[in-house]
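A.B. asks: No sequence on hand, only this structure:
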């Protein structure tokens, strides 16, 4: 919840003081029995609570999403299969499903645009679900996103040809599986910090993304920070947070 927006709504007469007081009451937290919603997170950190849908029933995810939406802020759900969105869309009709990324978003207060764009660069087409999770998350928090997909180092000319776009970015997310060398290459070509995002794409010795993760952690190129395997949300959030400083 953005308290400043709420107070402006009271001032303009769009919301009654009693209704505003009820919304503020929820800031103490809301116990659903199976989940304790953190309505204060927006005030503490500048970003509201995100719904991790995996492991929750469709009904649980839908109720959590609905309750967060009722507080008046923007809501994001990650790792949501179609059956979860079906339930969410009934309780929160304005929610939008991004199927490839498994994200559900609701924008009630458009975020303040960030000054510089985020570039999301993926090694191959197989990385797209994770790359899109990162890109859509960054957009959710106000970033303009430059998508540079299928630009891995196996065809280095494809990457070099996009350098003018990459150099516009204030943060670069490098999404790669296999050997995971893309972030090291990018960190030697651009000024912006590089967020290394390993994916679980690859053959047997890729070990479900561990090989890419270890390559990224062992990079000799400075200016790289790595997030967890397939954690597109974490990479997108970090990129947006970097650009708010």
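C.D. replies: Great, that's in hand. Remember, it's a predicted structure, so these values are computed and weren't measured experimentally.
A.B. asks: Could you pull up phi and psi at residue 176?
C.D. replies: Comment: the main-chain dihedrals of residue 176 come out as phi -160, psi 150, following degrees, to the nearest 10.
A.B. asks: from what I can see it touches residue 123, true?
C.D. replies: Yes - under the contact definition of C-beta atoms under 8 Å, residue 176 touches residue 123, with a separation of 3.7 Å. The C-beta positions use only the backbone N, C-alpha and C, and glycine is treated the same way.
A.B. asks: What ranges does the protein have for its strands?
C.D. replies: Taking DSSP state E to define them, one finds strands in the chain at 30-31, 36-37, 51-52, 75-78, 96-98, 103-106, 118-122, 145-148, 171-176, 194-198, 224-226.
A.B. asks: partners of the fifth one in the sheet?
C.D. replies: Okay, so that is strand 96-98. According to DSSP bridges, strand 96-98 has the following sheet partners: strand 103-106 (antiparallel).
A.B. asks: Could you list the residues in contact with the strand it pairs with?
C.D. replies: With contact meaning C-beta atoms under 8 Å, 6 or more residues apart in numbering, strand 103-106 is reached by 51, 53, 65, 69, 74-78, 80, 84-85, 88, 92, 94-98, 133, 136-137, 140, 233.
A.B. asks: run the last query once more with 6 Å
C.D. replies: Counting contacts by C-beta atoms under 6 Å, 6 or more residues apart in numbering, the residues outside strand 103-106 that touch it are 69, 75-78, 80, 85, 88, 94-97, 136, 140.
A.B. asks: Just the buried ones from these, in PyMOL syntax?
C.D. replies: Below is the selection syntax for PyMOL that covers the buried ones among the contacts of strand 103-106, with 16 or more other C-beta atoms under 10 Å defining burial:
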select buried, resi 69+75+76+77+78+80+85+88+95+97+136+140
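A.B. asks: Turn the contacts of strand 103-106 into a markdown table, including pLDDT and distance to residue 38.
C.D. replies: What follows is the contacts of strand 103-106, written out as a markdown table (pLDDT from 0 to 100; distance: C-beta to C-beta, whole Å):
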| residue | pLDDT | distance to residue 38 |
| --- | --- | --- |
| 69 | 93 | 15 |
| 75 | 95 | 13 |
| 76 | 97 | 14 |
| 77 | 97 | 15 |
| 78 | 97 | 16 |
| 80 | 97 | 19 |
| 85 | 97 | 23 |
| 88 | 97 | 19 |
| 94 | 93 | 22 |
| 95 | 96 | 20 |
| 96 | 97 | 23 |
| 97 | 97 | 24 |
| 136 | 98 | 22 |
| 140 | 97 | 18 |
